[in-house]
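Q: Take a look and give me a structure for this.
(4 chains)
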Number of protein chains: 2
Amino acid sequence: MPQELSPTRKRIVDAATKLFYAEGIGRVSVDAVAEKAGLTKRTLYYHFKSKDDLIAAYLDGRDQPNLKQMAGWFDAAEGGPDRKVEAIFTNLARVARHPKWKGCGFLRTAAELAAMPGHPAMKVGSRHKANFEKWLAGEMSGRSILEPQTLAREIVLLMDGAFSIMLIHRNPDYIEAAGHAAAMLVRARSQDSA
Amino acid sequence: MPQELSPTRKRIVDAATKLFYAEGIGRVSVDAVAEKAGLTKRTLYYHFKSKDDLIAAYLDGRDQPNLKQMAGWFDAAEGGPDRKVEAIFTNLARVARHPKWKGCGFLRTAAELAAMPGHPAMKVGSRHKANFEKWLAGEMSGRSILEPQTLAREIVLLMDGAFSIMLIHRNPDYIEAAGHAAAMLVRARSQDSA
DNA sequence: GCTTGTATATTCACTAGTCGGTATATATTG
DNA sequence: CAATATATACCGACTAGTGAATATACAAGC
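A: Predicted coordinates for the structure are as follows:
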């Protein structure tokens, strides 16, 4: 599904990514994206048939890097699966302290497009979140954990809750609290603990 | 903090509430709110000094009704605190099935205003979420539960995660899953269960 | 090695409409 | 008269998207 990226197309998506994430898709004009990419709006419309398509391309471009980031934190952490899961949250809390952090681009886009459930970007976002949940369930099921799918879904709920609440309170403690709760749920389903 | 509501002011806020929740604050023009309220834009600007203020008034008007809704579901449920907490989620899953349901207005507004942390509506939203967490902690601490504040925060995380994920997948199962996880966390901290 | 043809890629200038906000005038009411 | 509340009409800036011309690259024909 990820389109082939001509150099120009990549420049446009890169510019859109910076602006859409920083300001929100609704507050960024196509003109602004074109200017940031260093080309005219007409050229942008040669490569994308509409702003909606550009939004979808923006999210599509974040799918794999995002998953790799999470998997990297998970893999790098020492200890059992509870510690590895908690490490994801700890790292999220760290990056969330940066002033440029503005939450999860997928969730914020979904919030802006809530009235348009069939929007192409919504499908991309839904697939991304499903991919993450699936990856997490796979990691859990490889580590002697009961009900790995249920657990993965609960961890996803805590993580997306942390993203959302952090946006409203701007307090990383919520991400840490989510991490502790997630680790607790992992331990509750670890067969070794019985 | 809730402003006195003249009849005209109330009509404006009612119209804004319907439109902002249905479409998102960024996609609704002040003209549209005025038309829905049955008056001119100039009159609207007589009662509100800016659109930003109107957005804040919209959220402020949802604070108490929202809390009462949650408390009503909690109080009406039979059984222990785990069942009462889970009842909130069950009721949320029910209303979320309605096609007009578009998630949590506070979270969606926060997502749209992520680049403006000092926006007046952000403060209203933050206070609302804090009120809910505080109420929940109070209910928990009155029922022989360990670490009621921590538990309340975890439940809030699961609930806001459910709101967000539901918007992206449009699948109420996530809300039910969050409810089960919340009930499990309540039981894990119930002193009676020891 | 030229020239011509063709597809790709880009630009300028523009449309028709919307945005938040306001200047000014006028009712209504005590 | 004075305060409150409403309406008409408008502003400059910005919006997504497009028409028409043009530049660039590269291949085929001679």
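
Q: Compute the number of surrounding residues for the closest residue to residue A:74 other than its chain neighbours.
A: For residue A:74, ignoring the flanking residues on the chain, the nearest one in space by Cβ to Cβ, 6 or more residues apart in numbering or on different chains is residue A:84 at 4.9 Å. The C-beta positions use only the backbone N, C-alpha and C, and glycine is treated the same way. A total of 20 residues lie near residue A:84 under the criterion other Cβ atoms under 10 Å in any protein chain shown.

Q: Give me the mean pLDDT for the helix or strand where residue A:84 lies.
A: With secondary structure defined by DSSP states H and E, residue A:84 is part of helix A:81-96. Mean pLDDT, taken over the full extent of helix A:81-96, equals 97.

Q: Can you give me the buried ones in that helix?
A: Residues of helix A:81-96 classed as buried by neighbour count (16 or more other Cβ atoms under 10 Å in any protein chain shown): A:81-82, A:84-93, A:96.

Q: Adding distance to DNA strand C, write the residues you listed out as a markdown table.
A: Conversion of the buried residues of helix A:81-96 to a markdown table gives the following (distance: Cβ to the nearest atom of the strand, whole Å):
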| residue | distance to DNA strand C |
| --- | --- |
| A:81 | 46 |
| A:82 | 47 |
| A:84 | 43 |
| A:85 | 42 |
| A:86 | 43 |
| A:87 | 42 |
| A:88 | 38 |
| A:89 | 37 |
| A:90 | 40 |
| A:91 | 37 |
| A:92 | 33 |
| A:93 | 35 |
| A:96 | 30 |
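
Q: Taking those together, which two end up most distant?
A: Checked with Cβ to Cβ, those reach their widest spread between A:81 and A:96, with 22.8 Å between them.

Q: just checking, residue A:159 touches residue A:89?
A: Yes. Contact criterion Cβ atoms under 8 Å: residue A:159 and residue A:89 qualify, at 7.1 Å.

Q: intersection of neighbour lists for those two?
A: Common neighbours of residue A:159 and residue A:89 (criterion: Cβ atoms under 8 Å, 6 or more residues apart in numbering or on different chains): A:178, A:182.

Q: What values do phi and psi take at residue A:40?
A: Taking degrees, to the nearest 10, you get phi -90, psi 160 for the backbone angles of residue A:40.

Q: excluding its backbone neighbours, what's nearest it?
A: Distance criterion Cβ to Cβ, 6+ apart; nearest residue to residue A:40, sequence neighbours excluded, is residue A:34 at 5.9 Å.

Q: For residue A:75, see how far away the residue nearest to residue A:74 is.
A: Between residue A:84 and residue A:75 the distance, using Cβ to Cβ, to the nearest Å, works out to 8 Å.

Q: do the same with residue A:83
A: Distance of residue A:83 to residue A:75, computed by Cβ to Cβ: 12 Å.
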